[in-house]
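> Quick one, structure for this:
(chains A, B, C and D)
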Protein chains: 2
Amino acid sequence: MRGPMQLHVKARATRLNPDRLFGQVAHRLAVAIITGGSPAGSLLPNEDDLKGEISVSRTAYREAVKFLSGKGLVEARPKSGTRVAPREAWNLLDPDVLAWHFEADPNEKFIRDLFELRLFVEPSAARLAAQRRSEADLRLIETAFRGMVENPPYAEPTVRADLAFHEAIFAATRNPPLQCLAPAVSATIQWSLFLKAPDDRFFFTASLIDHERVFDAIVQRDGDLAAARMSGLVIDSLNSTLGLLAARTEANASKIA
Amino acid sequence: MRGPMQLHVKARATRLNPDRLFGQVAHRLAVAIITGGSPAGSLLPNEDDLKGEISVSRTAYREAVKFLSGKGLVEARPKSGTRVAPREAWNLLDPDVLAWHFEADPNEKFIRDLFELRLFVEPSAARLAAQRRSEADLRLIETAFRGMVENPPYAEPTVRADLAFHEAIFAATRNPPLQCLAPAVSATIQWSLFLKAPDDRFFFTASLIDHERVFDAIVQRDGDLAAARMSGLVIDSLNSTLGLLAARTEANASKIA
DNA sequence: CCTGTTTCTATCGTATGACTTTATCCGGGA
DNA sequence: TCCCGGATAAAGTCATACGATAGAAACAGG
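Numbering: from 1, shown residues only, chains lettered A, B, ... in the order given. So this is what the prediction gives:
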């Protein structure tokens, strides 16, 4: 049912410490909520009953709930209980919430939505980066790009370099709120790589060229060009990912039949 | 030092319950952090010492910290203490974090950044809304617009209607991650209204016309037109807000002199 | 005198039990 | 029928104790 999870590279330091007990509880609850195992409106195990469900103290459990409530995933009220919040209340752009989605089966609509958002934001970000980048920004972007070229396709260092490339562009915009969207972009990249058959060299080469063209435009300080090329990159990535999603769906369908 | 806070209308249900004790603690800590009262890297009051600072139990304090840590504002580690995280780690698009900014003096750079983000996102959102809106969506947008027209300028119902107008457009995009940016848009609107002298009727009328033109484009299902008009609306709002910020800065300067 | 190791200790993390507050539910009375 | 008020269940708060961990300081060896 669940694909191998540990494959995906974490894009940014998550706020949840997996070493701590409350962190593990928060993770478990969050995954149950996001996968739909606990539908909206359903009650979480009662704070006293949880001794049977999971053996953990009220303290740890309550801290986990506070952590999740801050992201809009749950809502606790005296007497009525702690309930799973409706999806509209979730902060879907929160890095942790995005990361937890990788533990669920790929949701095509969600991935399309993220790409759509990315298509709106990242070309504009590339434009700003081209206009505002410092030499230091440029070095960061270049280092990331070389990391993509010099490592084997779809290997972990390559993925990390890909994420670093896009993050460095966001950093060059000098717009902190805008930078907060970097995790959403990272998520789409990780989804496309998560879904990808690791022998698809054609897409990888094309992607490399897309990245190089964006980088060149930023070097030239040509904002419009950078934006246009970033649009191309995102669209290529989207099409490739949609193809993979379709293939996957088809494979599942035939497996059932 | 601090302006009247209660003026601003809350854009969306905040995740923090102000009735609860831990919520008040979280609020206090958050405001101290965001205003810069507690600079990055500084330690929060020790969990045991806090009895002197604020009379609250460790439980409530720790739950407040967990709430904030989920938004990246603080980072707790054994032995070293709980520290204020660097601003790059903050989730500036989180509804609560945005709201807490209203308790600090206006930060021009931050407001400009939010408008910049809005300028990238909201025209695209309007385009999608024009293409995808249902009749129900349209009614919601129209109701909000009428609320702006029929109430006195800068009154609370008017502000709420303004926020509802933009939120309804986001809702019509049918893109949940994109909708998560609505609070950021709401924040800019609230900032501009927070700064505004309540007798500035010229801007209000212009804003009303801008809104009507956007609405018409969405009615006509003309995506490009809706996007263009929304760009105009955002730019007008930005210019007006920047003017107010400049006036305010000037007033402060002369007050000091 | 410098460096690496051990011990110490402050601080967060977890557990537990008692008590308080809140809001829902339900029944009794107008 | 409607309104009011008490019973009640769940989260919220508190106090205390102990465990775990990472810095810091003391110490031993070079």
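> who does the helix ranked longest in chain A touch, helix- and strand-wise?
Ranked by residue count and defined by DSSP state H, the top helix of chain A is helix A:223-256. When contacts are defined as 3 or more CB pairs under 8 Å, 6 or more residues apart in numbering or on different chains; DSSP states H and E, helix A:223-256 sits against helix A:108-132, helix A:182-195, helix A:201-219. Glycine gets a C-beta too; all of them are placed from N, C-alpha and C.
> Of all the ones you listed, which one is nearest DNA strand D?
helix A:182-195 (25.1 Å; CB to the nearest atom of the strand).
> tell me which helix or strand of chain A sits lowest on mean pLDDT?
Lowest mean confidence among the helices and strands of chain A (mean pLDDT, DSSP states H and E): helix A:50-53, at a mean of 64.
> Contacts (any at all) between DNA strand D and the helix or strand following that one?
The helix or strand immediately downstream of helix A:50-53 is helix A:58-69, counting by DSSP states H and E. Yes - applying CB under 7 Å from any atom of the strand, one finds helix A:58-69 touching DNA strand D at A:58-59, A:62, A:65.
> So what touches the helix or strand following helix A:58-69?
Where DSSP H and E defines the elements, the next helix or strand beyond helix A:58-69 is strand A:74-77. The contact list for strand A:74-77 (CB atoms under 8 Å, 6 or more residues apart in numbering or on different chains) reads A:29, A:33, A:44, A:65, A:68-69, A:82-85, A:89.
> do you know how far the closest residue to residue A:233 other than its chain neighbours is from DNA strand C?
Spatial nearest neighbour of residue A:233, excluding adjacent residues (CB to CB, 6 or more residues apart in numbering or on different chains): residue A:210 at 3.9 Å. Residue A:210 sits 42 Å away from DNA strand C, going by CB to the nearest atom of the strand, to the nearest Å.
> Pull up the per-residue confidence for residue A:210.
pLDDT for residue A:210: 98.
> Could I get the helices and strands packed on helix A:223-256 in JSON lines, plus columns for distance to residue B:97 and mean neighbour count?
Output for these, formatted as JSON lines (distance: least, CB to CB, whole Å; neighbours: other CB atoms under 10 Å in any protein chain shown):
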{"stretch": "helix A:108-132", "distance to residue B:97": "19", "mean neighbour count": "22"}
{"stretch": "helix A:182-195", "distance to residue B:97": "15", "mean neighbour count": "23"}
{"stretch": "helix A:201-219", "distance to residue B:97": "29", "mean neighbour count": "17"}
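> The ones you listed into a markdown table, with extra columns for distance to residue B:174?
Below are these laid out as a markdown table (distance: least, CB to CB, whole Å):
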| stretch | distance to residue B:174 |
| --- | --- |
| helix A:108-132 | 8 |
| helix A:182-195 | 17 |
| helix A:201-219 | 28 |
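> nearest to residue B:153, of those?
helix A:108-132 (31.5 Å; CB to CB).
> between the closest one and helix A:182-195, what angle do the directions make?
Inter-element angle recorded for helix A:108-132 and helix A:182-195: 130 degrees (by axes from the mean of the first three to the mean of the last three CA atoms, to 10 degrees).
> could you say what helices and strands helix A:108-132 packs with?
So helix A:108-132, by 3+ CB pairs under 8 Å, 6+ apart, packs with helix A:156-172, helix A:176-179, helix A:182-195, helix A:201-219, helix A:223-256, helix B:108-132, helix B:176-179.
> For residue A:121, find the nearest of those.
helix B:108-132 (5.7 Å).
> After the closest one, which helix or strand is next? Please name it.
Next along from helix B:108-132, by DSSP H and E: helix B:135-150.
> Please name the residues that touch the residue in chain A that DNA strand C sits nearest to.
Relative to DNA strand C, the nearest point of chain A is residue A:21 (2.7 Å; CB to the nearest atom of the strand). Applying CB under 8 Å, 6+ apart, we find residue A:21 in contact with A:56, A:60.
> Look up how far residue A:104 lies from the residue most central in space within chain A.
With distances taken as CA atoms, centre = their mean, the residue of chain A nearest its centroid is residue A:187 (2.0 Å). Computed as CB to CB, to the nearest Å, the residue A:187 to residue A:104 distance reads 13 Å.
> Point out where chain A drops to low pLDDT.
For chain A, residues meeting the criterion pLDDT under 70 lie at A:1-13, A:45-53, A:197-199, A:253-257.
> Could you point out which of the helices and strands packed on helix A:108-132 sits nearest residue B:249?
Comparing those by CB to CB, helix B:108-132 comes nearest, at 7.7 Å.
> how would you label the residue nearest to residue A:132 when sequence neighbours are not counted: helix, strand or coil?
Excluding its sequence neighbours, the residue lying closest to residue A:132 (CB to CB, 6+ apart) is residue A:174, at 5.4 Å. Assigned with DSSP: H, G, I helix; E, B strand; the rest coil, residue A:174 falls in the coil class.
> Would you mind listing what in the stretch 51-200 of chain A touches DNA strand D?
A:58-59, A:62, A:65, A:76-82.
> circling back to that earlier point, tell me the angle the longest helix of chain A makes with helix A:108-132.
160 degrees.
> And helix A:223-256, what's buried?
Within helix A:223-256, the residues that count as buried by 16 or more other CB atoms under 10 Å in any protein chain shown are A:223, A:225-231, A:233-234, A:237-238, A:240-242, A:244-245, A:248.
> now the angle from that helix to helix A:156-172?
140 degrees.
> report the angle between the axes of helix A:223-256 and helix A:201-219?
Computed by the same axes, to 10 degrees, the angle between helix A:223-256 and helix A:201-219 is 160 degrees.
> From the chain's centroid, how far away is helix A:223-256?
Here helix A:223-256 is found 15 Å from its chain centre; the criterion is CA atoms, centre = their mean, to the nearest Å.
> and the stretch 51-200 of chain A, which residues reach DNA strand C?
Counting by CB under 7 Å from any atom of the strand, the residues of the stretch 51-200 of chain A near DNA strand C are A:56-60, A:63, A:77-80.
> can you pick the most crowded of the residues you listed?
residue A:63 (24 neighbours; other CB atoms under 10 Å in any protein chain shown).
> thought it was touching residue B:66?
Yes - the criterion here is CB atoms under 8 Å, and residue A:63 meets it with residue B:66 at 4.7 Å.
> what sits in contact with each of those two?
Common neighbours of residue A:63 and residue B:66 (CB under 8 Å, 6+ apart) are residue A:22.
> what kind of secondary structure is the residue in chain A sticking out farthest from the centre in?
Most distant residue from the mean C-alpha position of chain A: residue A:79, 35.9 Å away (CA atoms, centre = their mean). State at residue A:79, reduced to three classes by three-state DSSP: coil.
> sorry, back to before: who are the contact partners of the residue nearest to the centre of chain A?
Per CB under 8 Å, 6+ apart, neighbours of residue A:187: A:11, A:98-99, A:101-102, A:114.
> Among those residues, which one lies nearest to DNA strand D?
Using CB to the nearest atom of the strand, the contacts of residue A:187 come closest to DNA strand D at residue A:99, 21.6 Å.
> Skip the chain neighbours and tell me the closest residue to that closest one.
residue A:14 (5.9 Å).
> which ones are touching that neighbour?
A:95-96, A:99.
> again with residue A:94
Counting by CB under 8 Å, 6+ apart, residue A:94 has contacts A:71, A:183, B:70, B:91, B:94.
> thought the fourth one was touching residue A:180?
I take that to be residue B:91. Yes - at 6.0 Å, residue B:91 counts as touching residue A:180 under the criterion of CB under 8 Å.
> Between those two, which contacts overlap?
What both residue B:91 and residue A:180 touch, as defined by CB under 8 Å, 6+ apart, is an empty set.
> if we can go back for a sec, helices - which of the contacts of residue A:187 land there?
A:98-99, A:101, A:114.
> Of all pairs in those residues, which one spans the longest distance?
A:99 and A:114 (12.9 Å).
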